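> Sequence plus the predicted model coming up.
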Amino acid sequence: MKEENSNPADEKLGVLLRESRLSPSLPPRFQENVWRRIEDAQAPAKSSVTWLEALVALMLRPRFAYAALAALMLAGISLGAYSGAQSARHDAEARYIASVAPNPLR
Amino acid sequence: MNRPLVILLGVLTLGAAIFAGSYVAGRHACATVMSSTDDLSWLRTEFHLSDAEMARVRQLHEGYQPQCMKMCAKLAAKKVEVVDMLANGTNVTAGVQQKLTELGELRAQCQAQMLQHFIAVSQAMPPEQGRRYLAEMERLTLGFHEEIEQTMDMSAKP
């Protein structure tokens, strides 16, 4: 192998071959664009995972969980009681009207 | 699906179930507590009547009920007569017209009696509540006919 590499004719041939090979020119700001695309691809994935994990971690904290449970129950009971009161009032009104003005009179 | 997303969906589902359960329980409890078998319970709460006013209103109501039932029975009997006459023929005969007139008169008498009762009840209430009661009763009982007449007016216009 050494004998082949040390042949001056081969070396000249190699130089000539390297010089004859055309290297394509890169578009302007190629390297900068490649890095920007790599950063763009990495950035959103990283931030969404962080946001979701932070939210889940917050929800699983006992203090937050108890407060949310109490707020949901309070809101549900309040709205339900309001709706039940409206319904009971409507039923009572209908019962009174039916007792003083049966359908044939209306 | 990643783990935080599964946990988030689970928490949201649990929250919705807790809210829905609380809503149903609150509604049921309130409706049960506020429900009453008394026909006059609505008057007490809606028009803020005292015990004395309620006693007077109840007396008027109990006096009016037999009259109302009697008139309702007369109306039902007259309606049967009209239906029978219509079933026997294909034309609106003089007899059918007579029965319809009688039915209308009976209904008018009944409504007049009902309005008289409303006025008597309104006078047993504090003045402001009495006015509100009368307006509400007229709207709920006679307003129905006004709505029909208004729709007939609208459809009669070209």
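Received it, and whenever you're ready, just let me know what you need.
> Secondary structure element holding the most centrally placed residue in chain B?
Nearest to the geometric centre of chain B sits B:Leu140, at 6.2 Å (Cα atoms, centre = their mean). Here B:Leu140, judged by DSSP states H and E, is contained in helix B:127-141.
> Is chain A within reach of that helix?
Yes: using Cβ under 8 Å from any Cβ of the partner chain, helix B:127-141 reaches chain A at B:Met137, B:Leu140, B:Thr141. For the C-beta atoms, the positions are set from N, CA and C on the backbone; glycine is no exception.
> go on, stretch B:23-31?
Yes: using Cβ under 8 Å from any Cβ, stretch B:23-31 comes into contact with chain A via B:Tyr23, B:Val24, B:Ala25, B:Gly26, B:Arg27, B:His28, B:Ala29, B:Cys30, B:Ala31.
> Now tell me which of those the prediction trusts least.
On pLDDT alone, B:Ala31 ranks lowest of these, at 89.
> which one is that one nearest to, not counting chain neighbours?
Leaving aside its chain neighbours, B:Ala31 sits nearest to A:Gly84 (4.0 Å; criterion: Cβ to Cβ, 6 or more residues apart in numbering or on different chains).
> about what we covered before: of the residues of stretch B:23-31 next to chain A, just the buried ones, PyMOL syntax please.
Only the buried members of the residues of stretch B:23-31 next to chain A end up in this PyMOL selection, burial being decided by 16 or more other Cβ atoms under 10 Å in any protein chain shown:
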select buried, chain B and resi 23+25+26+27+30+31
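> want to try JSON lines for the residues of stretch B:23-31 next to chain A, with secondary structure as columns?
As requested, these are arranged in JSON lines below (DSSP: H, G, I helix; E, B strand; the rest coil):
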{"residue": "B:Tyr23", "secondary structure": "helix"}
{"residue": "B:Val24", "secondary structure": "helix"}
{"residue": "B:Ala25", "secondary structure": "helix"}
{"residue": "B:Gly26", "secondary structure": "helix"}
{"residue": "B:Arg27", "secondary structure": "helix"}
{"residue": "B:His28", "secondary structure": "helix"}
{"residue": "B:Ala29", "secondary structure": "helix"}
{"residue": "B:Cys30", "secondary structure": "helix"}
{"residue": "B:Ala31", "secondary structure": "helix"}
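> returning to that earlier point: contacting residues for the residue nearest to the centre of chain B?
A:Ile97, A:Ala101 (Cβ atoms under 8 Å, 6 or more residues apart in numbering or on different chains).
> what sits against the nearest residue to B:Met137 once chain neighbours are set aside?
Leaving out its chain neighbours, the residue that sits closest to B:Met137 by Cβ to Cβ, 6+ apart is B:Phe118, at 4.5 Å. Residues in contact with B:Phe118 (Cβ under 8 Å, 6+ apart) are A:Val100, B:Tyr133, B:Leu134, B:Met137, B:Glu138, B:Thr141.
> what's near enough to touch B:Gln123?
For B:Gln123, the contact set (Cβ under 8 Å, 6+ apart) comprises B:Gly130.
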